[in-house]
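Student: Predicted model and sequence below, questions to follow.
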Amino acid sequence: MADKHHINVMTAGHVDAGKSTLIGRLLYDTGAIREEEMRKLKEIAAELKKETFEFAFVMDTVKEERERGVTIDIMHRPFNTQKWFMTIIDAPGHRDFVKNMITGAAQADVAILVVSAKPGEGVQEQTKEHAWLMKVLGIGQLMVVLNKMDA
């Protein structure tokens, strides 16, 4: 991997915007997550009565996170493309865990700001706070992703 550039990419946004699910889905769709791993995560999600959370469980690995359905601490996951070696940093969106989000942002080179397109959600308080914190922490490259457009 010495021949590839390394970049830290983090997700940010309001709680329940779908940050962890987005990462899990991207990793699965690009082949970074094997089918048997997804099958196992789907079973765990069903056991916890969180049937739609299997992609979020790719990043939310701690028992409490899975039971509560929210990211609590940052999670790192390596990911390779032909050009880049990336570390994906999944940060929590809940206001109670903003210090953990700051820890993730301090490590990031670029960020994905996830915004829910669900009616009544959109840009919310933590969305604004995360955008401001990323700017203050010097993240100069930001991609905004509209999520949950199917809702």
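Tutor: Yep, that arrived.

Student: Please make it C-alpha for all contacts and neighbour counts, starting now.
Tutor: Fine.

Student: Residue 107 and residue 96, how far apart?
Tutor: Distance of residue 107 to residue 96, computed by Cα to Cα, to the nearest Å: 20 Å.

Student: where do the helices sit along the protein?
Tutor: Residue ranges of the helices in the chain, as given by DSSP state H, are 19-29, 35-47, 63-68, 98-107, 125-136.

Student: could you dump these to TSV with mean neighbour count?
Tutor: TSV is the format used below for these (neighbours: other Cα atoms under 10 Å):
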stretch	mean neighbour count
helix 19-29	20
helix 35-47	15
helix 63-68	14
helix 98-107	20
helix 125-136	16
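
Student: Could you dump the ones you listed into a markdown table with distance to residue 11 added?
Tutor: Below are these laid out as a markdown table (distance: least, Cα to Cα, whole Å):
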| stretch | distance to residue 11 |
| --- | --- |
| helix 19-29 | 6 |
| helix 35-47 | 21 |
| helix 63-68 | 17 |
| helix 98-107 | 9 |
| helix 125-136 | 10 |
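
Student: Low-confidence bits of this structure, can you list those?
Tutor: Flagging of the chain using pLDDT under 70 yields the residue ranges 1-2.

Student: neighbours of residue 108, just the number please.
Tutor: When counting by other Cα atoms under 10 Å, one arrives at 22 neighbours for residue 108.

Student: I'd assumed residue 12 was in contact with it.
Tutor: No: at 10.8 Å, residue 108 and residue 12 do not qualify as touching, with contact defined as Cα atoms under 8 Å.

Student: if we can go back for a sec, ok, which of the helices of the chain comes nearest residue 6?
Tutor: When the helices of the chain are compared for distance to residue 6 using Cα to Cα, the nearest one is helix 98-107, at 12.2 Å.

Student: Tell me which of the helices of the chain approaches residue 78 most closely.
Tutor: Smallest distance to residue 78 across these (Cα to Cα): 10.0 Å, for helix 19-29.

Student: Chain neighbours aside, what residue packs nearest to residue 79?
Tutor: With Cα to Cα, 6 or more residues apart in numbering as the measure, residue 86 is the residue that lies nearest to residue 79, at 5.1 Å, once sequence neighbours are left out.
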